[in-house]
Each structure stands twice: as C-alpha cells, then as structure tokens.
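Engineer: Build me a structure from this.
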Amino acid sequence: MQLTLDIANELYPLTSGETFTLALARSLSPEEELAANGDEEGSEAGGKRVKKEMWRSEDQGLAADYEYVMYGKIYKFDDSAKGENQTTAYMSFGGLLLALRGSYRHLAGVVVGENIYLLMRK
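Structural biologist: Coordinates of the predicted model:
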C-alpha cells in the first residue's frame with residue numbers, strides 16, 4: 001500500500017522518517033464497527049440504529065487511543081494507474097486529502113460516498 005496524506009502539520013507535526021500508526025474506521029464506536037462488519041448486536045430504537053455522538057460524550061471510543069482524528073468522506077476511486085489489480089481511493093477530510101493506493105483486495109470494503117474517520121498516533 002502507498003499512502004499520500006495531507007495533515008494539519010501545525011496541530012500534529014510529523015518529521016521525515018518518523019513512525020506512526022494510522023487507522024481508518026466507519027465509526028468511533030466499537031459496537032457500530034462490529035455491526036457494520038456483519039454483527040447484528042447494537043442498540044436500536046424504533047427499528048433504527050441509535051447513533052451516539054462520541055465526540056460529545058466522555059467515552060471517546062476509538063479516538064481515546066489516538067492523538068489525531070479527522071472525519072471525512074470517500075469521494076473517488078481511480079483504476080487508471082499502472083499496475084495489475086491496483087486502485088487508488090481518495091478521501092477528503094475538510095480539505096485535507098488522502099490517497100491510498102494498493103491492491104483491490106485491500107480496498108474492497110471502501111465505498112465511494114461513505115463517511116470515514118482517520119486516526120493517527122506516534
């Protein structure tokens with residue numbers, strides 16, 4: 001996988017060669033992540049899933065384990081670049097952009113139009 005990422009360097013400075021952990025998630029709630037991956041458990045009200053605003057509660061969910069969190073949307077796929085079975089997924093986080101290039105099988109769960117969280121820690 002090849003990653004090109006634009007971050008707010010003033011808020012989260014990274015130097016060349018520095019190691020970091022990056023995660024992409026559909027939700028900050030571990031319960032919603034399980035439900036999105038086929039697990040039927042989770043809270044429901046009136047037949048609709050209750051979406052808890054994690055950033056307003058004391059329980060920050062996945063964000064508690066990371067130093068830098070962005071919320072955005074997957075807006076494009078590009079299969080035109082060279083390489084067998086290669087694709088690029090493009091995501092926007094309020095103007096900060098991410099391009100993730102790799103094998104189709106690694107990007108199979110990424111859907112255009114879907115909202116996504118990017119989480120980072122050093």
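Engineer: hey, which strand is longest across this protein?
Structural biologist: strand 68-78 (DSSP state E).
Engineer: what's the angle from the very next helix or strand once past it to strand 68-78?
Structural biologist: As assigned by DSSP states H and E, the chain's next helix or strand after strand 68-78 is strand 86-93. Orientation check (axes from the mean of the first three to the mean of the last three C-alpha atoms, to 10 degrees): strand 86-93 against strand 68-78 gives 140 degrees.
Engineer: how far is the helix or strand immediately after strand 86-93 in the chain from where the chain is centred?
Structural biologist: Per DSSP H and E, the first helix or strand lying C-terminal to strand 86-93 is strand 96-103. Strand 96-103 sits 11 Å away from the centroid of its parent chain (C-alpha atoms, centre = their mean, to the nearest Å).
Engineer: any idea which helix or strand comes after strand 96-103?
Structural biologist: Next element after strand 96-103 (DSSP H and E): strand 115-121.
Engineer: Can you tell me the strand partners of that following strand and which way each runs?
Structural biologist: strand 21-25 (antiparallel), strand 68-78 (antiparallel) (DSSP bridges).
Engineer: for the ones you listed, which one sits closest to Leu96?
Structural biologist: Across these, Leu96 has its closest neighbour in strand 68-78 (6.5 Å, C-beta to C-beta). Every C-beta, even on glycine, is put in place using the N, C-alpha and C of the backbone.
Engineer: What are the contacting residues of the closest one?
Structural biologist: Here strand 68-78 makes contact (C-beta atoms under 8 Å, 6 or more residues apart in numbering) with 7, 11-12, 28, 63, 87-94, 96, 98, 107, 110-121.
Engineer: which of those are buried?
Structural biologist: Listed as buried from these are 7, 28, 63, 87-93, 98, 107, 116-120; burial here means 16 or more other C-beta atoms under 10 Å.
Engineer: what about the strands paired with strand 115-121, which gets the closest to Ser103?
Structural biologist: strand 68-78 (13.1 Å).
Engineer: All set, thanks.
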